[in-house]
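Engineer: What follows is a predicted structure for the sequence shown.
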Amino acid sequence: MNEVTDTKFCKHCGEKIPSDAVICTACGRQVEDINSSQNASQPQIVINNENNNVNANMIGKKLCNKWVSLCLCIFLGFIGAHKFYEGKGGMGIIYLFTGGLFVIGVIIDIFSILSKPNPYYPS
């Protein structure tokens, strides 16, 4: 009826646990080296979580604050201040000479800036 199983004591909490247990069933802490109880033929797995990737598209671009860009667009959009802030000097000059592309460009830019995350890379 009662099966007799080999037991040992957990070195952390002192509870009785099965002799082949690697983790204590009472406290959940590791009581033995995991490799000693498993088959030695299993391969060792090394996880390298190092990411050294660099996005080449973002080199030389600065992060822009969404709210600064929005304020510049609302108050000084007709002279292209938000375009100069984003580092788009060519578009800034076009906005300067056309009054923000006749104010239509400023209205489009307001909605465009509102849809961007904060901070953002100008595209």
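Structural biologist: Alright, I've got the coordinates. Residues are numbered from 1 along each chain as shown.

Engineer: measure the most centrally placed residue in the chain to K61 for me?
Structural biologist: Nearest residue to the geometric centre of the chain (Cα atoms, centre = their mean): N51, 11.8 Å. Separation of N51 from K61 (Cβ to Cβ, to the nearest Å) stands at 20 Å. No exception for glycine: its C-beta is placed from N, CA and C like everyone else's.

Engineer: just T25 next, same as before
Structural biologist: From T25 to K61 the distance is 55 Å (Cβ to Cβ).

Engineer: Mean pLDDT per helix and strand in this structure: which one sits at the bottom?
Structural biologist: helix 34-37 (a mean of 56; mean pLDDT, DSSP states H and E).

Engineer: Show me what the very next helix or strand once past that helix is packed up against.
Structural biologist: Once the chain leaves helix 34-37, the next helix or strand it forms, by DSSP states H and E, is helix 66-76. Counting contacts by 3 or more Cβ pairs under 8 Å, 6 or more residues apart in numbering; DSSP states H and E, helix 66-76 is packed against helix 81-85, helix 104-114.
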